[in-house]
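# Make a model of this:
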Amino acid sequence: MIVMVLACVVLVLTLVIHILNYWLRPKKTTSSKVLLVLGVGAVMAMGGLFYLQMPVRDSNNLYQSNTPVATVHDPKLDKEKKTITFAEARTPTGMRLDVDSIFEYRYWKLRCSGQPQDAAASRLPQPLSYPNLVCHIEGYR
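Have a look, this model is predicted:
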């Protein structure tokens, strides 16, 4: 992601230089116009790639491999301990959280630990609730 941002910054700066060069030159040549069009096209293409790489996500979901795996409630961020504690995480019907894998939440990559609350005896699969799910911040996604 950092590489994409740096590439976009370089392209924007290149485009600004070409625009200034185009306006400040006494003779406006065809090559400057071509470079200007190519620069605008490159910036738009990089913006499109950046958008495709960062899909829009629900800020109340935990994700694994870009797939929502749980809805979380009441997050508490502790910057000193680098943890986020959720009052509750609720999975879809019958699904357990894979706590051995990395989770994604908003801007962070998390390693979470917790046990599901016992579901009531029923023939139908029910959503599982993980009360007080504690997640350690591993880095940024």
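# tell me the pLDDT at Thr29?
What the model reports as pLDDT for Thr29 is 57.
# Also Leu36?
60.
# How about Ala70?
94.
# That one: which element?
strand 67-78 (DSSP states H and E).
# cool, Val99 as well?
Using DSSP H and E, no helix or strand contains Val99.
# OK, contacts around it?
Cys112, Ser113, Gly114 (CB atoms under 8 Å, 6 or more residues apart in numbering). Heads up, the C-betas are built off the backbone N, CA and C, glycines and all.
# For the second one, grab the count of nearby residues.
Yep, that's Ser113 we're talking about. Counted with other CB atoms under 10 Å, the neighbours of Ser113 add up to 12.
# Settle this for me: it is touching Val134, isn't it.
Yes. Between Ser113 and Val134 a contact is recorded at 5.9 Å, counting by CB atoms under 8 Å.
# which one among the contacts of Val99 gets closest to Ile84?
Distance to Ile84 across the contacts of Val99 (CB to CB) is lowest for Cys112, with 8.8 Å.
# Find me the pLDDT at that closest one, would you?
94.
# do the same with Pro116
87.
# Next, find the distance separating it from Val10.
Distance, Pro116 to Val10, by CB to CB, to the nearest Å: 47 Å.
# hmm, back to that, can you lay out the contacts of Val99 as JSON lines showing distance to Lys81?
Output for the contacts of Val99, formatted as JSON lines (distance: CB to CB, whole Å):
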{"residue": "Cys112", "distance to Lys81": "14"}
{"residue": "Ser113", "distance to Lys81": "14"}
{"residue": "Gly114", "distance to Lys81": "16"}
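# Comparing Pro116 and Val10, which shows the higher neighbour count?
Set Pro116 next to Val10 and count neighbours by other CB under 10 Å: Pro116 wins out with 17 against 12.
# so which strand or helix has the spatially closest residue to the more buried one that is not a sequence neighbour?
Spatially, and ignoring its direct neighbours in sequence, Pro116 is nearest to Leu128 (4.2 Å; CB to CB, 6 or more residues apart in numbering). Assigning secondary structure by DSSP H and E places Leu128 in strand 127-140.
# next one: Tyr63
Short version: Tyr63 belongs to strand 61-64, going by DSSP H and E.
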